[in-house]
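**Student:** what follows is a predicted protein model with its sequence.
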Amino acid sequence: MQKLIKTLPLVIALTVVGGCVYKRDLPQGNYITEGMVQQLQPGMSRAQVVDVMGRPLLEAPFNANQWDYVFRLDEAYGGVQQRRVTLTFDGERLVNVQREGDFSEDIELRPQNGVGPAIEGADPMGELPATQPEAAPEAAPDAGGTLPRGGEPATTEPLAQ
C-alpha cells in the first residue's frame, strides 16, 4: 500500500506534464498580402512581378507560363489559414492573376522569441563589442609579368635529376 501511495503522485505528475505540449505557429510558403496582389497589373514583366511578390514557390513543371505563390499558416491553438495566387504569363508578360483564400485582412505573424537560430549579426545579450567590417585584402602589385599565376618563379632551365 505504501508503494502505491509513493508511486501514484509520480504517475499523476508525469501524466499532467505529458499533456503540456509546446505548440507554435507554423508559417509555410510565400507570405502574400492584399497590397502585394493589388500591385500586380496585366502587362508587367516577370522581373517586375518578382520585385513585387518575390520568387514563386512553385513553377509549373510542364507550363513555364504559370507561377504559384502559396502561403499556409497553421496556428498553434487556432485554425489553418491558406492563400494562393496563381499568375499566368504570355511569354514575358503577366496576363492573369487568380487568387484563392481570404485576403480581406492581413495575417499577423507573431515573432517566436528565443526559438530557432539567432539572426546573423544580432547580439541578443548586448555583450559583443561593436566592430567595423574588415577591409578586403589589397592585391599584390604586379611584378611586371615575371611571376606566373601559380606564384612559382618562371624558369627556362631543365629540372635537375
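**Tutor:** Now that the structure is in, tell me what you want to look at.
**Student:** need the next SSE after the longest strand that the chain contains, C-terminal direction.
**Tutor:** When the chain is parsed with DSSP state E, its longest strand is strand 80-90. Tracing the chain C-terminally past strand 80-90 and defining elements by DSSP states H and E, one meets strand 93-100 next.
**Student:** now the angle from that next one to strand 80-90?
**Tutor:** 160 degrees (axes from the mean of the first three to the mean of the last three CA atoms, to 10 degrees).
**Student:** okay, strand 93-100 in PDB with CA atoms only?
**Tutor:** What follows is strand 93-100 as a C-alpha-only set of coordinates in PDB (Å, rounded to 0.1, in the frame of the first residue of the first chain):
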ATOM      1  CA  ARG A  93       4.100  39.500 -69.700                       C
ATOM      2  CA  LEU A  94       1.600  38.900 -67.000                       C
ATOM      3  CA  VAL A  95      -1.900  38.200 -68.400                       C
ATOM      4  CA  ASN A  96      -3.900  36.700 -65.500                       C
ATOM      5  CA  VAL A  97      -4.000  36.900 -61.700                       C
ATOM      6  CA  GLN A  98      -6.100  34.200 -59.900                       C
ATOM      7  CA  ARG A  99      -6.400  34.200 -56.100                       C
ATOM      8  CA  GLU A 100      -7.800  31.700 -53.600                       C
END
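**Student:** elements contacting the longest strand of the chain?
**Tutor:** helix 46-53, strand 66-74, strand 93-100 (3 or more CB pairs under 8 Å, 6 or more residues apart in numbering; DSSP states H and E). All C-beta atoms are positioned from the backbone trio N, CA, C, and that covers glycine.
**Student:** run through who's touching the first one.
**Tutor:** Spelled out, it's helix 46-53. For helix 46-53, contacts defined as CB atoms under 8 Å, 6 or more residues apart in numbering pick out 30, 32, 36, 39-40, 44, 67, 69, 85, 87, 89, 92, 94.
**Student:** quick check: mean pLDDT of the longest strand of the chain?
**Tutor:** On average, the pLDDT along strand 80-90 is 89.
**Student:** wait, a helix at Pro27?
**Tutor:** No: applying DSSP: H, G, I helix; E, B strand; the rest coil, one finds Pro27 to be strand, outside a helix.
**Student:** any idea how far it is from Val52?
**Tutor:** Pro27 is 20 Å from Val52, where distance means CB to CB, to the nearest Å.
**Student:** same check, this time on Gln39
**Tutor:** 5 Å.
**Student:** repeat for Ala76
**Tutor:** For Ala76 relative to Val52 (CB to CB), the value is 30 Å.
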